[in-house]
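K.L.:
Compute the structure for the input listed below.
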Amino acid sequence: MSYSIKTYRYLRMAMVAMIVLLGVAVLIEWAKTDPRCLQTSISAYYYTPVRAIFVGALITIGVCMVVLKGNTETEDILLNVAGILAPAVALVPTPGQGRCHSVPVVLGDAAANVANNMLALFVVGVPCLLLTAFFIVRDRRRQPAGWTPLYVVGLGVAVLIFGGGLAWFLVDRSGFIGHAHYAAAIVMFACIVVVVLVNAEQYRRKHADPRSPANRYSVIAIAMVVVPLLMVAWKKLFGWEHAVLGIEAVLILLFAAFWVSQTEELWNEGLRQELPRSPQASPSPLRSSADE
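P.N.:
Numbers count the residues shown, from 1 in each chain. Sure thing, here's the model as predicted:
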C-alpha cells in the first residue's frame, strides 16, 4: 500500500478527531452550566475553558486542509483558502463574550493577544507563500506537460487573501480585531460549501446514473444551504438568540459528514480521478498526493 495514501488517511481522520474534540469540549462546558444556558455561538466558547481546544482544533484543521491535496484544482484552491482562514477564526475572537460560563471570564488583553499571534502568523506565512511560488516555478520547468495555470491562480488567491488580511491588520487594527473573525468564518464556510458542491458534481460523473441525479454529496450540499436559510428565517420571524450557534453547529456537523463520506469513498484511492464533463473526452490521469 502506498505510504502517501496511508498518510492521507491519517490526516483525514485527524480532522474528524479535531471536530469531535471541539464538540466534546463544548458539551463538557455546557454540562457545567445551567442546561438552558448556551453561548450564542461556538466561537463565543473562546471565552470559556474550551478556549485552548477551540484554538488548537481550528489551527490543526486549517493546516490539514492546506496540506491535503484536493481531488481537482478547484477543490484544492478552496481547501487552501479555507485552511488559510481557519487560524484567523481561531486567533481573532468574536467580540461578544456571551453570558454562559462555568467560571468567570479571565481574558488578558485581547488586542495584545491578536496583535502578537496574528503577527506571528503573517511572519511565518510570507516565506511559506514564497516557497510555494518556488515550487510552482520549479514544476513548470521540470514537468511542463503536467503543469496547469490553475497553480498560479491558486497561489494568486492565497496571496490576495493573505495580503489583504495583512494590510487590514496593519492599517486598521481596531477594525481587524472587531470584524476579522466574522469575515474569515463566513468565507471559510462558503469555501467548504462549494467544495461539497464540486464533489457532488465529480461523484455524479464517476457514478453516472440518470435514474439517480442526487448523491451523498449533493444531499449534504443542499442541507448546508437550506438548513441555515431556514434558521435565519426562523430568527427573523420568531426571534432566536442562538441562531448563529445553530447554524455553526449544523455546518460543522455536515462538514464532518462530508469528510467522513469522502474518506470512505477514497479510502483506497487517495484521490478521485478527475472526470471530464463530456463523455467523449478522456479523463485526466490519477494524480498522486505527492504531486503537490
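K.L.:
Residues in contact with stretch 94-101: which ones?
P.N.:
30, 33-34, 37-41, 43-44, 46-48, 105, 107, 177-178, 181-182 (Cβ atoms under 8 Å, 6 or more residues apart in numbering). The C-beta positions use only the backbone N, C-alpha and C, and glycine is treated the same way.
K.L.:
Which residue is the nearest non-sequential neighbour of the residue nearest the centre of the chain?
P.N.:
By Cα atoms, centre = their mean, the mean C-alpha position of the chain lies nearest to A82, the distance being 4.1 Å. Distance criterion Cβ to Cβ, 6 or more residues apart in numbering; nearest residue to A82, sequence neighbours excluded, is C191 at 4.2 Å.
K.L.:
Which of the three states applies to the one you found?
P.N.:
helix (DSSP: H, G, I helix; E, B strand; the rest coil).
K.L.:
Just to check, it is in contact with I84?
P.N.:
No. Taking contacts as Cβ atoms under 8 Å, C191 lies outside contact range of I84: 9.7 Å.
K.L.:
Tell me which of the two has more neighbours.
P.N.:
Using other Cβ atoms under 10 Å, the more surrounded residue of C191 and I84 is I84, with 25 against 20.
K.L.:
Reduced to three states, what does that one come out as?
P.N.:
Three-state assignment for I84 (three-state DSSP): helix.
K.L.:
what packs against the strand or helix carrying M118?
P.N.:
Taking DSSP states H and E as the criterion, M118 maps to helix 110-142. Packing contacts for helix 110-142, counted by 3 or more Cβ pairs under 8 Å, 6 or more residues apart in numbering; DSSP states H and E, involve helix 73-91, helix 150-171, helix 173-206.
K.L.:
what sits against L121?
P.N.:
Residues counted as contacts of L121 (Cβ under 8 Å, 6+ apart) are P87, A88, L91.
K.L.:
give me that answer again for 6 Å
P.N.:
P87 (Cβ atoms under 6 Å, 6 or more residues apart in numbering).
K.L.:
Buried ones among the contacts of stretch 94-101?
P.N.:
The neighbour-count criterion (16 or more other Cβ atoms under 10 Å) marks 30, 33, 38-41, 43-44, 46-48, 177, 181-182 among the contacts of stretch 94-101 as buried.
K.L.:
any chance of those residues in TSV, plus distance to W240, pLDDT and secondary structure?
P.N.:
Formatted as TSV, these follow (distance: Cβ to Cβ, whole Å; pLDDT from 0 to 100; DSSP: H, G, I helix; E, B strand; the rest coil):
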residue	distance to W240	pLDDT	secondary structure
W30	18	94	helix
T33	19	92	coil
L38	12	92	coil
Q39	14	94	coil
T40	10	91	coil
S41	12	92	coil
S43	17	92	helix
A44	15	93	helix
Y46	21	93	helix
Y47	21	92	helix
T48	21	92	coil
I177	27	93	helix
H181	21	94	helix
Y182	18	93	helix
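K.L.:
and which of these is nearest to Q262?
P.N.:
S43 (25.5 Å; Cβ to Cβ).
K.L.:
Excluding chain neighbours, what is closest to that closest one?
P.N.:
Counting by Cβ to Cβ, 6+ apart, the residue nearest S43 is T94, at 4.2 Å.
K.L.:
What is the neighbour count of the one you found?
P.N.:
By other Cβ under 10 Å, neighbour count at T94 equals 21.
K.L.:
Next: V193.
P.N.:
Count around V193 with other Cβ under 10 Å applied: 19.
K.L.:
what does stretch 62-73 contact?
P.N.:
With Cβ under 6 Å, 6+ apart as the test, stretch 62-73 has contacts from 11, 15, 76, 79-80, 82-83, 86-87, 150, 271-272, 274, 289, 292.
K.L.:
Could you work out the most separated pair of those residues?
P.N.:
Taking Cβ to Cβ as the measure, the contacts of stretch 62-73 span a maximum distance of 28.9 Å, between P87 and E274.
K.L.:
Settle it for me: which of these two has more neighbours?
P.N.:
P87 (22 against 19).
K.L.:
ok now do that one, which residues does it touch?
P.N.:
Per Cβ under 6 Å, 6+ apart, neighbours of P87: I59, G62, L121.
K.L.:
which stretches of the stretch 101-250 of the chain have low pLDDT?
P.N.:
The model of the stretch 101-250 of the chain has pLDDT under 70 over residues 146, 208-214.
K.L.:
on that earlier part again, closest to F135 among the contacts of P87?
P.N.:
Comparing the contacts of P87 against F135 with Cβ to Cβ places G62 closest, at 19.8 Å.
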